[in-house]
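Peer 1: Starting from these lines, generate the structure:
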Amino acid sequence: MAVTRRRKQPEDEVQQHPDTKPDEDDDKEEKALKKSKSKNYSCLDNCCWFVGCVCTAWWLLLFLYNAMPASFPQFVTEAITGPMPDPPGVKCLKEGLKVKHPVVFVPGIVTGGLELWEGHQCMDGLFRKRLWGGTFGEVYKRPSCWVQHMSLDNKTGMDPPGIRVRPVSGLVAADYFAPGYFVWAVLIANLARVGYEEKNMYMAAYDWRLSFQNTEVRDQSLSRIKSNIELMVATNGGNKAVVIPHSMGVIYFLHFMKWVEAPAPMGGGGGPDWCAKHIKAVMNIGGPFLGVPKAVAGLFSAEAKDIASARALAPGVLDSDLFQIQTLQHLMRMSRTWDSTMSMIPKGGDTIWGGLDWSPEEGYCPSKRKNGKNVTENESTSQECEATHANYGRMVSFGRDVAEAQSSEIERIEFRGAVKGNSVANHTCRDVWTEYHDMGFGGIKAVAEYKVYTAGEIVDMLEFVAPKMMERGSAHFSFGIAEDLDDPKYEHYKYWSNPLETKLPNAPDMEIYSMYGVGIPTERAYIYKLTPAAECYIPFRIDASAKDKNEDCCLKDGVYTVDGDETVPALSAGFMCAKGWRGKTRFNPSGIKTHIREYDHNPPSNFLEGRGTLSGAHVDIMGNFQLIEDVIRVAAGATGEELGGDQVYTGIFDWSEKINLKL
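Peer 2: Here you go, the predicted structure:
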């Protein structure tokens, strides 16, 4: 029999605890060990329980969502907001409207998807995956690699070596920009209700980063549009196409109409009557015909109203002083390789946009237009704006005092030809290189000392601060006004997207619509300031501290606003159809009929309405029921007169009359 021997307890422990028995000590040690273990894992246990409860609740809600009747969400919405009107497609179907004219969609900048066909090693496994549009997952996973693949060659404006990013094809190219964020999807769905399908709908997808002519050089995008329109007309009983461009797609298609009739090799060789034979109507949505001031801010400082406001709320988050993220610098470096952005620089100079002491929208204040109508000074009950007499013609001003001063009091030092100083950048800035890093303090100071820039001086200013970018852009775009449209120089493609330097096609039976939202403050002019010198910095910034006390006024966060769709001012979207093309003019020699259709912005009353069915915002207007109904009726054979002619809420005709343009 084995003898169990107990370990002898040290004498000092026995002396300290003379009354404690050995077995009791072992039990206490075991309980203490268990207690310590339970304490160590209690937090983990709680986390596991919490995650488990969240997952269980999530799966339960997901099961209930999939199990509920499809009509339940609509039932809840109608119970809160009242009965919903029939979608435009259903309404038109009840009236007996049917498919007649094939339709062509032309998406704008950034809304079309782009996918990878060839890339560097950091993009392995992403063949034909979307780099733009969709979930944007690659932005978060590999941001520097994504920026590298989304950028174009800084010298040629084409693909960088070893990279091929191409537009997504088909209706899915721009139906949704991101999951749940529609662009063309609502319009497509309503057209489908009256019988349209993919055989008579075509999405003219193209790489929106490229200059318009380079989309043909690299991808033959213009030739594809030509052949697809010809095919759709031939297979739809000879009925002409209704073309529906949106945003930058408007001036892209304007370029196409000149290209398709121009002789090869520069043009498509379709002949002078191609548009007359193949196009019934061009229904332009949110078209920046004369450019947008927002493009100036983007190219000048990689900013806009929203970014300026964000900087005011959280200084440093978007700048290089926080974790050296250098977000805006990377954005500027990438966007300055996209030649298409230069197509939206304001066109027409001071003649269109105004000078130091005048502008077409002079006297406009957001508080003076309420509920879809213009009201007089006596009818307005809001406070008087401090900047009611804003000088909108001063597109960029350095300081609020300069923006509001009499022109005779402004001392300007000429910047053209100024000697640029030594480089302010060192080798650490190469990853976020912009042309500001080659200007030096001398060049930066020269820009600021000129004080104020009108639209006629903006191009010169951009050529000074970004000469390499503008050298590429000037080869593809022009921003002036033609004196003689019969001059042979205007046969070059660089003029084709500028409505002030080109003629509409000889197609008297064709109609042109300008359809855009109004009633939303839209960027028109900016107050800038110099930023403190720092490494790898952008030296100019919108002065977000410049604002009026009354929030309804036109100056907020350093940005003067006018009426428009939040992106395109009404002046840019409506002038050509209000005056430049109205009747027979030198820009419209065949007298193509033009119609203005403004849609007054009515935001959703609650979150259940989503982005609203009466929105006038630049992208949300694509879900505007009234606009969609107008499109369906024209596609079914209606004319502009049958829609009711012009529908105007702004002072576009009055503003147009102030513009002294030779017609």
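
Peer 1: where's Ser301 relative to Thr337, distance?
Peer 2: Going from Ser301 to Thr337 by C-beta to C-beta, to the nearest Å gives 17 Å. To be clear about C-beta, it is placed using only N, CA and C from the backbone, and glycine gets the same treatment.

Peer 1: which of those two has more neighbours?
Peer 2: Ser301 (23 against 20; other C-beta atoms under 10 Å).

Peer 1: ok, for the more buried one, nearest residue in space, not its chain neighbours?
Peer 2: Phe540 (4.8 Å; C-beta to C-beta, 6 or more residues apart in numbering).

Peer 1: count of residues packed around that neighbour?
Peer 2: The burial count for Phe540: 23, using other C-beta under 10 Å.

Peer 1: quick one: it and Leu299 touch, right?
Peer 2: No: here Phe540 lies out of contact with Leu299, judged by C-beta atoms under 8 Å, at a distance of 11.1 Å.

Peer 1: For the residue nearest to Ala173 when sequence neighbours are not counted, which residues are in contact?
Peer 2: Spatial nearest neighbour of Ala173, excluding adjacent residues (C-beta to C-beta, 6+ apart): Ala205 at 3.9 Å. Counting by C-beta atoms under 8 Å, 6 or more residues apart in numbering, Ala205 touches 107, 112-113, 167-170, 173-174, 221.

Peer 1: In JSON lines, list the residues you listed along with pLDDT, secondary structure and distance to Gly644.
Peer 2: Putting those into JSON lines (pLDDT from 0 to 100; DSSP: H, G, I helix; E, B strand; the rest coil; distance: C-beta to C-beta, whole Å) gives the following:
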{"residue": "Pro107", "pLDDT": "97", "secondary structure": "coil", "distance to Gly644": "28"}
{"residue": "Gly112", "pLDDT": "94", "secondary structure": "coil", "distance to Gly644": "32"}
{"residue": "Gly113", "pLDDT": "95", "secondary structure": "coil", "distance to Gly644": "36"}
{"residue": "Pro167", "pLDDT": "97", "secondary structure": "strand", "distance to Gly644": "36"}
{"residue": "Val168", "pLDDT": "96", "secondary structure": "coil", "distance to Gly644": "37"}
{"residue": "Ser169", "pLDDT": "95", "secondary structure": "coil", "distance to Gly644": "36"}
{"residue": "Gly170", "pLDDT": "95", "secondary structure": "coil", "distance to Gly644": "34"}
{"residue": "Ala173", "pLDDT": "95", "secondary structure": "helix", "distance to Gly644": "33"}
{"residue": "Ala174", "pLDDT": "94", "secondary structure": "coil", "distance to Gly644": "29"}
{"residue": "Ser221", "pLDDT": "97", "secondary structure": "helix", "distance to Gly644": "35"}
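
Peer 1: where along the stretch 301-450 of the chain do the helices fall?
Peer 2: Along the stretch 301-450 of the chain, counting by DSSP state H, counting those that start in this stretch, helices occupy 305-313, 327-335, 349-353, 400-404, 440-449.

Peer 1: List the buried residues in stretch 404-419.
Peer 2: 404-405, 410, 415, 418 (16 or more other C-beta atoms under 10 Å).

Peer 1: Could you list the low-pLDDT ranges of the stretch 251-400 of the chain?
Peer 2: 305-326, 366-389 (pLDDT under 70).

Peer 1: Kindly apply the preceding question to the stretch 451-600 of the chain instead.
Peer 2: Looking at the stretch 451-600 of the chain by pLDDT under 70, you get 533-535, 551-552.

Peer 1: the helices in it, which residues?
Peer 2: For the stretch 451-600 of the chain, applying DSSP H, counting those that start in this stretch gives helices covering 455-465, 467-474, 570-575.

Peer 1: Which strands or helices does the second one pack on?
Peer 2: Read that as helix 467-474. Other helices and strands packing on helix 467-474, by 3 or more C-beta pairs under 8 Å, 6 or more residues apart in numbering; DSSP states H and E, are helix 455-465.

Peer 1: tell me which residues of the helix it packs on are tucked away?
Peer 2: Buried residues in helix 455-465 (16+ other C-beta under 10 Å): 455-459, 461-462, 464-465.

Peer 1: Leaving out chain neighbours, which residue sits closest to Phe300?
Peer 2: Per C-beta to C-beta, 6+ apart, closest to Phe300 is Phe540, 6.2 Å.

Peer 1: Show me what that neighbour bridges to in the sheet.
Peer 2: Beta-bridge pairing for Phe540 (DSSP bridges): Leu530.

Peer 1: Excluding chain neighbours, what is closest to Ile481?
Peer 2: Leu500 (4.6 Å).

Peer 1: I'd like to know how many residues surround the one you found.
Peer 2: 23.

Peer 1: thought it was touching Gly348?
Peer 2: Yes: with contacts counted by C-beta under 8 Å, Leu500 reaches Gly348, the gap being 5.4 Å.

Peer 1: hey, what's in contact with both of these two?
Peer 2: Contacts common to Leu500 and Gly348, judged by C-beta under 8 Å, 6+ apart, are 290, 480-481, 661.

Peer 1: which stretches of the stretch 1-150 of the chain form helices?
Peer 2: Under DSSP H, counting those that start in this stretch, the stretch 1-150 of the chain gives helices at 11-16, 22-67, 72-81, 88-94, 137-141, 143-150.

Peer 1: returning to what we had before: apply the buried test to the contacts of Ala205 and list what passes.
Peer 2: Buried among these (16+ other C-beta under 10 Å): 107, 112-113, 167-168, 173-174, 221.

Peer 1: of those, closest to Ala281?
Peer 2: Of all the buried ones among the contacts of Ala205, Pro107 has the smallest distance to Ala281: 18.2 Å, by C-beta to C-beta.

Peer 1: what residues are up against the closest one?
Peer 2: Counting by C-beta under 8 Å, 6+ apart, Pro107 has contacts 173-174, 183-184, 203-205, 208, 246-247, 249.

Peer 1: quick one: which of those residues is nearest Pro263?
Peer 2: Ala204 (22.3 Å).

Peer 1: Was I right to think that closest one contacts Val106?
Peer 2: Yes: with contact defined as C-beta under 8 Å, Ala204 counts as touching Val106 (4.8 Å).

Peer 1: got any residues that touch both of those two?
Peer 2: The contact lists of Ala204 and Val106 share 225, 249, 253, where a contact means C-beta under 8 Å, 6+ apart.

Peer 1: Filter these down to the ones in strands?
Peer 2: Secondary structure of these is defined by DSSP state E; no position falls in strands.

Peer 1: Now those residues in CSV, please, with extra columns for neighbour count and distance to Arg633.
Peer 2: Listed next are these as CSV, based on neighbours: other C-beta atoms under 10 Å; distance: C-beta to C-beta, whole Å:
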residue, neighbour count, distance to Arg633
Ile225, 25, 24
Gly249, 27, 21
Phe253, 26, 21
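
Peer 1: Next, format those residues as a markdown table and append distance to Gly157.
Peer 2: As requested, these are exported to a markdown table (distance: C-beta to C-beta, whole Å):
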| residue | distance to Gly157 |
| --- | --- |
| Ile225 | 21 |
| Gly249 | 19 |
| Phe253 | 21 |
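
Peer 1: So which of those residues belong to helices?
Peer 2: 225, 249, 253 (DSSP state H).

Peer 1: Going by distance to Pro532, which of these wins?
Peer 2: Checking these against Pro532 with C-beta to C-beta, the nearest one is Gly249 at 40.2 Å.

Peer 1: separation between the residue lying closest to Gly564 once chain neighbours are set aside and Ala297?
Peer 2: Nearest non-adjacent residue to Gly564, counting by C-beta to C-beta, 6+ apart: Thr522, 3.0 Å away. As defined by C-beta to C-beta, Thr522 lies at a distance of 12 Å from Ala297.
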